[in-house]
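Novice: my questions concern the predicted model and sequence given below.
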Amino acid sequence: MTRLEGKTALITGAARGIGEAIARRFAAEGAMVWVTDIDPAGAAVAKAIGGRFALLDVRDEAAWDRVMAQVGALDILVNNAGITGFEGPPAAHDPEHASLADWRAVHAVNLDGTFLGCRAAIRAMRRRCSEGGKGSIINISSRSGIVGIPAAAAYASSKAAVRNHTKSVALWCASQGLAIRCNSIHPAAILTPMWDPMLGTTPEEREAATRAFVADTPLRRFGTADEVAAMAAYLASDESAYVTGSEFHIDGGILAGSAASPE
Ligand code: NDP
């Protein structure tokens, strides 16, 4: 478990959920981890894993500059921070009724945040590469970036754009002769606090919603944040040195088939 020894990693949205699991796994693999989040609770995660914490709203260009000046040399970036749009009061997110403000708010975090993160990382890693270093950028997209999601159109659109931008970043870095790789991870149905607004509040509501949801998942269960972290550790490490511009699904088999497949 020392595949990331000597490397410095920064993870966005790492106060909880998938980001926290990635931070813990990277630290266990020997990396020096910068836990960043808009939520100050990330400081406790950083303390627990012997890393460092920085407040970072991924939408904020100046904040990226401030944090990167603190971090200095960087080997690994995980653009993990993301929102569905369902965190606040109920609002329509379908293509007919969504407001422009709600559409933009989701893209601001998921897409603008990823763009700013990739740009900051390329600039920092370029310096590292000139000294023989390597970089790995991992963008957390979603299976919603592969298929349409009528009730969460902005989320799906933003995650599809993250998938595509990953490939532009990968090809740009390769064309520059930089040893910086960029790949996307596409999770689905990973049980984290992100699901709270969608599963209901009472234990009965949660059990019924969970049962209904996993009935459509070939492996018949939710995935865990640790399972996503294991995939991220591979992409962050030099074991994946020949992997760039690629997309990795982790979804219990959801995307393997089609609801319309004949019996
Ligand atoms: P969570 O909601 O559990 O955690 C997201 C974290 O990101 C929270 O700490 C949140 O802080 C933080 N955050 C929100 N907005 C910003 C911002 N502007 N800047 C910095 N941090 C911010 O989500 P998950 O762990 O479930 O999801 C992580 C990533 O994985 C997301 O990109 C998500 O879209 C993706 N994903 C998740 C799936 C799942 O099933 N869980 C499936 C597919 C993709 P706060 O709580 O204060 O808002």
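Specialist: On my side now, so go ahead.

Novice: ok, Cys118 - contacts?
Specialist: For Cys118, the contacting residues are 77, 79, 137, 139, 165, 169, 182, by CB atoms under 8 Å, 6 or more residues apart in numbering. Yep, even glycine has a C-beta here, placed from its N, CA and C like the rest.

Novice: next, work out how far apart it and the ligand are.
Specialist: From Cys118 across to the ligand, the span is 14 Å (CB to the nearest ligand atom, to the nearest Å).

Novice: what about that residue, helix or strand, and which?
Specialist: Under the criterion of DSSP states H and E, Cys118 resides in helix 113-129.

Novice: in that helix, what's buried?
Specialist: Of all the residues in helix 113-129, those buried under the rule 16 or more other CB atoms under 10 Å are 113-118, 120-122, 124-125, 128-129.

Novice: out of the contacts of Cys118, list just those in strands.
Specialist: 77, 79, 137, 139, 182 (DSSP state E).

Novice: hang on, the last one packs against Ile137?
Specialist: Yes - taking contact to mean CB atoms under 8 Å, the distance of 4.2 Å between Cys182 and Ile137 places them in contact.

Novice: joint contacts of those two?
Specialist: 118, 166, 169.

Novice: can you show me the helices along the chain?
Specialist: Along the chain, counting by DSSP state H, helices occupy 17-28, 42-49, 61-71, 100-107, 113-129, 153-175, 196-199, 203-214, 225-236.

Novice: among those, which comes closest to Thr84?
Specialist: Closest approach to Thr84 among the helices of the chain is made by helix 153-175 (5.1 Å; CB to CB).

Novice: what angle sits between the closest one and helix 113-129?
Specialist: 20 degrees (axes from the mean of the first three to the mean of the last three CA atoms, to 10 degrees).

Novice: and helix 153-175, how far out from the chain middle?
Specialist: Centre-to-centre, helix 153-175 and its host chain are 12 Å apart (CA atoms, centre = their mean, to the nearest Å).

Novice: now do it against helix 100-107, angle only.
Specialist: 40 degrees.

Novice: for helix 153-175, list the C-alpha coordinates in CSV.
Specialist: Output of helix 153-175 as CSV, limited to C-alpha atoms (Å, rounded to 0.1, in the frame of the first residue of the first chain):
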residue,chain,number,x,y,z
ALA,A,153,-30.7,17.6,-17.0
ALA,A,154,-28.1,20.1,-15.8
TYR,A,155,-26.3,17.4,-13.7
ALA,A,156,-26.2,15.0,-16.7
SER,A,157,-25.1,17.8,-19.1
SER,A,158,-22.3,19.0,-16.7
LYS,A,159,-21.0,15.5,-16.2
ALA,A,160,-21.0,14.8,-20.0
ALA,A,161,-19.0,17.9,-20.4
VAL,A,162,-16.5,16.7,-17.7
ARG,A,163,-16.1,13.4,-19.6
ASN,A,164,-15.3,15.3,-22.8
HIS,A,165,-13.1,17.9,-21.2
THR,A,166,-11.0,15.1,-19.7
LYS,A,167,-10.1,13.9,-23.2
SER,A,168,-9.2,17.5,-24.3
VAL,A,169,-6.9,17.8,-21.3
ALA,A,170,-5.3,14.4,-21.9
LEU,A,171,-4.7,15.2,-25.6
TRP,A,172,-3.4,18.7,-24.8
CYS,A,173,-0.9,17.5,-22.3
ALA,A,174,0.3,14.7,-24.6
SER,A,175,0.7,17.2,-27.5
